[in-house]
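Undergrad: After the sequence you'll find the predicted model.
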Protein chains: 2
Amino acid sequence: MIRVLLAEDQAMVREALAALLGLEPDLEVVAQVARGDEVLAAARAHDVDVALLDIEMPGATGIEAAAVLHRELPDLKLVVLTTFGRPGYLRGAMESGADAFLVKDAPAARLAEAIRRVLAGERVIDPALAAAALAEGANPLTDREREVLRAAADGSTNADLAATLHLSPGTVRNYLSTAIQKLAARNRTEAVRIARDKGWL
Amino acid sequence: MIRVLLAEDQAMVREALAALLGLEPDLEVVAQVARGDEVLAAARAHDVDVALLDIEMPGATGIEAAAVLHRELPDLKLVVLTTFGRPGYLRGAMESGADAFLVKDAPAARLAEAIRRVLAGERVIDPALAAAALAEGANPLTDREREVLRAAADGSTNADLAATLHLSPGTVRNYLSTAIQKLAARNRTEAVRIARDKGWL
DNA sequence: GGCCGTACATGACATCCGTCATGCCGGGCC
DNA sequence: GGCCCGGCATGACGGATGTCATGTACGGCC
C-alpha cells in the first residue's frame, strides 16, 4: 500500500480528494493537514510515502512545505497540486524538490497516476506548462522590489508603503519604478497583475 | 435515490466531489458540467433533483446559473458552493433562488447533509455569513460604476477605459471617483480590493 | 584594489489621478 | 408638472505617481 499525506486548506476539497484516492486499491490516505506548517510533523508521525501539497495554504505555502520536506525527509516523494498553473509556481516547486506538479483542472485520474509514477522514480509535469516556465525565464525582481510590489498590491499609497517598510517615500517610488519597467507594465496595478499571473509575487 | 447535477470547472475537484457524494447510499451524481452556461441543458437532460453549483465558473457564474434554473425549473433544488465566503455572494445566491449556500472550507459531511435538507424543504446557510451579509447591506454601486471598476481592476488607465467602454475620459474619472467614495477607499486599487472582498464586483 | 550589483536616498519634472462644481438629458414617482 | 436619480460630459485644481539623474554605502568577486 502507498501511504499518502494530504495537505490542503479547504476541508471540503481535502476530504473529497481523500475520497477519490480512497477508491484506488493501492492508495491509502493516512494523514490530512490544513496548514503548510503542519506538514512536516504529520509526515514524520505517519511514515508516509508521498505528500500531496496544495500551494495556497495558510502557515506556509505548499512550495515552502516541499522545501522543508525535501531537506528533512529526502526519500519522501512530493506532489505539488495547485489551482493556478503559473509558470513561476512550477519553477519554485521544482527548485524545492517536488517530483510532480499538477493543476486542479486536470482530470482526476491524473492524480493517482502521478502518485504511482513518482514512486516509480519518474517526474510528472505538464509539458505545456514546462515550456511556458522555460520560455519566460526566471523572476527578474529583486527581493526588495518583490516586497514593495506585494505591499503595494492592496492600494497603499507611497507614504503608507514608506511607513510600513521603513523606507523613504522616494525609495519606494524607485523600487516600484524599476519593478514596473522590468515587468513591462505601465503602472503599479498592472505590475502587480503581471507578477501574480507569472507566479512571481 | 437523490439525483444530483454537479457544476464545477476544475475537473479534479469536480470528480473528487463526485467520488465523495458517491459514497453516500442515497445520492447519485447523474451529470457533471464544467461551465455555467451548460447547466440548464444538463439539468433538463438528466431529470435531476438538486443542482450543486460552484460560483467561479466560465460561461456563467453559479449565481447566474442558479437564476436561470430557478426560472426554468422551479422545482429543482439549488445548492451554491464557493471558495470565498463573501457576503455579497450569499446575497446574490439567495436573490437568485438558491436553497443552500456552502463554503468549501466547511467539512465535507456538510455537503451531503445540505442536499438532504434542501430536499426536505429547508434552507441551509452559515449563520455567521448570513449575519455578515445583513450587516454590510446591499451593493451600493450602480451598474455603470461596477462595470468601470471591474474594467479598471487590471491596471488600465482612464484613457484605456474610456476607449473600451465608449465613454469620455472625464466620465470614467467621475464613475471611479464616486465608486471610491462609496467604498470609502483612497484610490481605485483599494476600491477594487474592497468590492472584491464583499462580493460586489 | 577595482568592478558590479543591490539597497537606500534626494530632487526635479511631467503625467496621471481624484475631487469638485456644473451642466444636460431621460425615466420614475407623487 | 416638479423632483430625484442615474448616465454622460466638461473644466479646473491639487496631490499622487512614474521617470530620471545622481549620489552614498556595503558586500561579493576576480
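TA: Arrived safely. What you are looking at is a predicted structure, and each value in this text was computed from that prediction instead of being measured. Numbers count the residues shown, from 1 in each chain, chains lettered A, B, ... in the order given.
Undergrad: if I pick the most centrally placed residue in chain A, what's in contact with it?
TA: In chain A, the C-alpha nearest the mean C-alpha coordinate belongs to residue A:55, at 3.6 Å (Cα atoms, centre = their mean). If you count contacts by Cβ atoms under 8 Å, 6 or more residues apart in numbering or on different chains, residue A:55 has them with A:61, A:62, A:63, A:80, A:81, A:82, A:83, A:84, A:89, A:93. C-beta: built from backbone N, CA, C; applies to glycine.
Undergrad: just checking, which of these belong to helices?
TA: Within those, residues falling in helices by DSSP state H are A:62, A:63, A:89, A:93.
Undergrad: Run a quick check on the last one versus residue A:79, I expect a contact.
TA: Which is residue A:93. No. Using Cβ atoms under 8 Å as the test, residue A:93 is too far from residue A:79 to be in contact (9.6 Å).
Undergrad: Name the SS class of the residue of chain A found nearest DNA strand C, please.
TA: Across chain A, the shortest distance to DNA strand C (Cβ to the nearest atom of the strand) belongs to residue A:170, at 2.2 Å. Using DSSP: H, G, I helix; E, B strand; the rest coil, the three-state assignment for residue A:170 comes out as helix.
Undergrad: And the one 10 residues further on, by the same measure?
TA: Following three-state DSSP, residue A:180 is assigned to helix.
Undergrad: pull the helix or strand with minimum mean pLDDT from chain A.
TA: Here the helix or strand of chain A ranked lowest by mean pLDDT, DSSP states H and E is helix A:127-136, holding a mean of 86.
Undergrad: What is that helix packed up against?
TA: With contacts defined as 3 or more Cβ pairs under 8 Å, 6 or more residues apart in numbering or on different chains; DSSP states H and E, helix A:127-136 has these neighbours: helix A:87-95.
Undergrad: starting at the chain centroid, how far to the helix it packs on?
TA: 7 Å (Cα atoms, centre = their mean, to the nearest Å).
Undergrad: any bit of that helix sitting next to chain B?
TA: No. Judged by Cβ under 8 Å from any Cβ of the partner chain, helix A:87-95 and chain B are separated, with a smallest distance of 15.5 Å.
Undergrad: Can you give me the buried ones in that helix?
TA: A:87, A:88, A:89, A:90, A:91, A:92, A:93, A:94 (16 or more other Cβ atoms under 10 Å in any protein chain shown).
Undergrad: Need the pLDDT of the first one.
TA: Reading off the per-residue confidence, residue A:87 sits at a pLDDT of 91.
Undergrad: Can you verify my assumption that it contacts residue A:133?
TA: Yes. Shown here, residue A:87 and residue A:133 form a contact pair, counting by Cβ under 8 Å, at 3.9 Å.
Undergrad: so what's the residue located most distally from the centre of chain A up against?
TA: Distance from the C-alpha centroid of chain A, by Cα atoms, centre = their mean, peaks at residue A:170 (32.6 Å). Listed by Cβ under 8 Å, 6+ apart, residue A:170 has no contact partners.
Undergrad: I'd like to know how far it sits from residue A:182.
TA: 19 Å (Cβ to Cβ, to the nearest Å).
Undergrad: Give me the neighbour count for residue A:46.
TA: Around residue A:46 there are 14 other residues, counting by other Cβ atoms under 10 Å in any protein chain shown.
Undergrad: Quick check: the gap between it and residue A:100.
TA: For residue A:46, the distance to residue A:100 - Cβ to Cβ - is 20 Å.
Undergrad: tell me the phi and psi of residue A:191?
TA: phi -60, psi -40 (degrees, to the nearest 10).
Undergrad: That one - how many residues pack around it?
TA: Burial measure for residue A:191: 26 neighbouring residues, criterion other Cβ under 10 Å.
Undergrad: Enumerate every residue touching it.
TA: Going by Cβ under 8 Å, 6+ apart, residue A:191 touches A:149, A:176, A:179, A:180, A:183, A:185, B:155.
Undergrad: Cross the residues you listed against helices and list the overlap.
TA: Of these, the ones assigned to helices by DSSP H are A:149, A:176, A:179, A:180.
Undergrad: Mind putting these into TSV with distance to DNA strand D?
TA: Shown next, in TSV, are the ones in helices among the contacts of residue A:191 (distance: Cβ to the nearest atom of the strand, whole Å):
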residue	distance to DNA strand D
A:149	10
A:176	5
A:179	8
A:180	4
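Undergrad: Make a markdown table out of those residues and add pLDDT and neighbour count.
TA: Formatted as a markdown table, those follow (pLDDT from 0 to 100; neighbours: other Cβ atoms under 10 Å in any protein chain shown):
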| residue | pLDDT | neighbour count |
| --- | --- | --- |
| A:149 | 93 | 26 |
| A:176 | 93 | 21 |
| A:179 | 92 | 25 |
| A:180 | 92 | 21 |
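Undergrad: Now, of the contacts of residue A:55, which are buried?
TA: Listed as buried from the contacts of residue A:55 are A:61, A:62, A:63, A:80, A:81, A:82, A:83, A:89, A:93; burial here means 16+ other Cβ under 10 Å.
Undergrad: closest to DNA strand D among these?
TA: Closest to DNA strand D, out of all of the buried ones among the contacts of residue A:55 and judged by Cβ to the nearest atom of the strand, is residue A:63, at 24.8 Å.
Undergrad: Can you give me the distance of the closest one to residue A:72?
TA: For residue A:63 relative to residue A:72 (Cβ to Cβ), the value is 15 Å.
Undergrad: Let's verify residue A:78: helix, strand, or coil?
TA: From three-state DSSP, the assignment for residue A:78 is strand.
Undergrad: Count the residues that sit near it.
TA: Look at residue A:78: counted by other Cβ under 10 Å, it has 26 neighbours.
Undergrad: which residues touch the closest residue to residue A:201 other than its chain neighbours?
TA: Spatial nearest neighbour of residue A:201, excluding adjacent residues (Cβ to Cβ, 6 or more residues apart in numbering or on different chains): residue A:195 at 4.7 Å. Contact analysis of residue A:195 by Cβ under 8 Å, 6+ apart lists A:141, A:146, A:149, A:179, A:183, A:201.
Undergrad: And for residue A:85?
TA: A:103, A:105, A:126, A:129.
Undergrad: hmm, try it at 10 Å
TA: A:101, A:102, A:103, A:104, A:105, A:106, A:126, A:128, A:129, A:132, A:133, A:199 (Cβ atoms under 10 Å, 6 or more residues apart in numbering or on different chains).
Undergrad: No further queries at this time; thank you.
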